[in-house]
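1. turn this into a model:
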Amino acid sequence: ALRTRNDALDVATQNITAIEARIDALEQLQDRLARGAEMSGWLAARELDRAPRLWQGITIEAGWEDALEAVLRERLNGIALDQIEKSIAWLNDAPPGKMTIVATGEASGAGAQEALHGCEPLLRYVACRDSRLQAVLGEWLHDVFVVGDATAGLQLRAALPPGALLVSREGHAITRHSVSFHAPD
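-> Okay, the predicted model is just below:
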């Protein structure tokens, strides 16, 4: 009888642990949704809720989407503004979550990159439907090169100049001294 009750206690304890884990997960989700609602309100109050996003002005060659996401991360959702100086007022009233403002303007500063040991720049796989975004993409993707797979990238990493990055189709990022494994959001 004691073994039967101990077994029942073990099962009940496991159920409680599973329920507590579920509650924690739901609370975290609610917190994220609340921050999302706060962000929506913050953007609307500054008339940014309808502003164009970076991802709306670019296309990426099929198969390289994860690589671009791995490099740009939340900057893909950057808000394009003609006058980035407007963001000065927001330094003391920061948004309730991560946000990037992208300066639109003349397509300057996006010079051609030399291939690195047969690796092409990631920028060659990106097309700007909005030419005003070319400068910021040139800055963010400078010295970012694509490799067919992470194994090839690991073999080439010693040849990378400081600050350069190799990225595979899967989005794994390789520098001279690091490997970052990517999981799409």
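2. residue nearest the centroid of this structure?
-> Arg73 (0.9 Å; C-alpha atoms, centre = their mean).
3. which residues touch that residue?
-> Listed by C-beta atoms under 8 Å, 6 or more residues apart in numbering, the contact set of Arg73 is empty. C-betas here are computed from N, CA, C, even on glycine.
4. quick check, it in a helix?
-> Yes: assessed by DSSP: H, G, I helix; E, B strand; the rest coil, Arg73 belongs to a helix.
5. which regions of this structure sit below the pLDDT cut-off?
-> 30-35, 105-115, 117, 184-185 (pLDDT under 70).
6. just the helices in it please.
-> 2-45, 65-72, 134-140, 150-156 (DSSP state H).
7. any idea how far Ala18 lies from Glu27?
-> Note on Ala18: its distance to Glu27, by C-beta to C-beta, to the nearest Å, is 15 Å.
8. with Pro161 instead?
-> 45 Å.
9. next one: Asp93
-> 27 Å.
10. rewinding a little: tabulate the helices of the chain in TSV, adding columns for distance to His177 and mean neighbour count.
-> Shown next, in TSV, are the helices of the chain (distance: least, C-beta to C-beta, whole Å; neighbours: other C-beta atoms under 10 Å):
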stretch	distance to His177	mean neighbour count
helix 2-45	32	11
helix 65-72	17	21
helix 134-140	21	20
helix 150-156	12	17
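11. out of these, flag the one nearest Ser87.
-> helix 2-45 (12.5 Å; C-beta to C-beta).
12. could you double-check that Asp82 lies in contact with Thr104?
-> Yes: between Asp82 and Thr104 there is a contact under C-beta atoms under 8 Å: 5.5 Å.
13. the more surrounded of the two?
-> With neighbours defined as other C-beta atoms under 10 Å, Asp82 and Thr104 compare such that Thr104 has more, 20 against 11.
14. my guess is that one meets Ser131, correct?
-> No: counting by C-beta under 8 Å, Thr104 sits too far from Ser131 to count as a contact (9.2 Å).
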